[in-house]
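Just the structure for this:
(2 chains)
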Amino acid sequence: KAGVTQTPRYLIKTRGQQVTLSCSPISGHRSVSWYQQTPGQGLQFLFEYFSETQRNKGNFPGRFSGRQFSNSRSEMNVSTLELGDSALYLCASSLDGQGMETQYFGPGTRLLVL
Amino acid sequence: AQTVTQSQPEMSVQEAETVTLSCTYDTSENNYYLFWYKQPPSRQMILVIRQEAYKQQNATENRFSVNFQKAAKSFSLKISDSQLGDTAMYFCAFGGQGGSEKLVFGKGTKLTVNP
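Alright, predicted model coming up:
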């Protein structure tokens, strides 16, 4: 099976712009979670989607949003980009989303905001 | 809210030796899972080992084993016969129950295996 894929892998944006990142989970996986990784804050949970519904959300401003499609693919959007949004954004998928399953991570999208 | 603490920002070990990475966590839940993930330089995060809190037996995966002390809320990772390919960031993560896949991560330990 193919692993979790994320596109694009690298992205450069300027302050004030918006960006959309995409994540395709492992085939058959229905739960997708997003994390932001920065040197200062480490790995922080953004949100989790299961069956097209947001099931859990981290402590991030409303500029961060996401959605999940019927094929379990997920996108996250960041509007009005700030310099502090520069980070590695990781997507992870798990099978049934029943809690406590192993999550499989994608390679990440590295976002640089200038 | 759960917290995960990794007190060793960096560690190094000689090839073929054994190293132990520390992790402590705080939670009021009784049923949960703990994970160690590995993130090699510029490569993606992969699962090293997982432990269910209801299991008393410590998990092992080849050269990797954990020392899970539930009462002390401690979850250390032991790497035996260290190899150069073990060089990576290691993250300890907590997963609580409740139908959510949210993981709470520690800040990580950068492990360098020296030849």
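
Contacts made by stretch A:44-63 with the rest, please.
By Cβ atoms under 8 Å, 6 or more residues apart in numbering or on different chains, the surrounding residues in contact with stretch A:44-63 are A:30-38, A:64, A:66-70, A:74, A:76, A:78-80, A:89, A:97, B:99-105. C-betas here are computed from N, CA, C, even on glycine.

Give the buried residues for that stretch.
Within stretch A:44-63, the residues that qualify as buried are A:44-50, A:55-56, A:58, A:60, counting by 16 or more other Cβ atoms under 10 Å in any protein chain shown.

quick one: low-confidence ranges for chain A?
A:97-100 (pLDDT under 70).

Could you show which parts of it are in contact with chain B?
With Cβ under 8 Å from any Cβ of the partner chain as the criterion, chain A meets chain B at residues A:3, A:31, A:33, A:35, A:42-45, A:48, A:50, A:55-56, A:58, A:90, A:92, A:94, A:97-108.

Buried among those? Make that a PyMOL selection.
Buried subset of these, written as a PyMOL selection, criterion 16+ other Cβ under 10 Å:
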select buried, chain A and resi 3+31+33+35+42+43+44+45+48+50+55+56+58+90+92+94+97+99+100+101+103+104+105+106+107+108
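
Which members of the residues of chain A next to chain B occur in strands, if any?
In strands, judged by DSSP state E, the following of the residues of chain A next to chain B are found: A:31, A:33, A:35, A:42-45, A:48, A:50, A:55-56, A:90, A:92, A:94, A:104-105.
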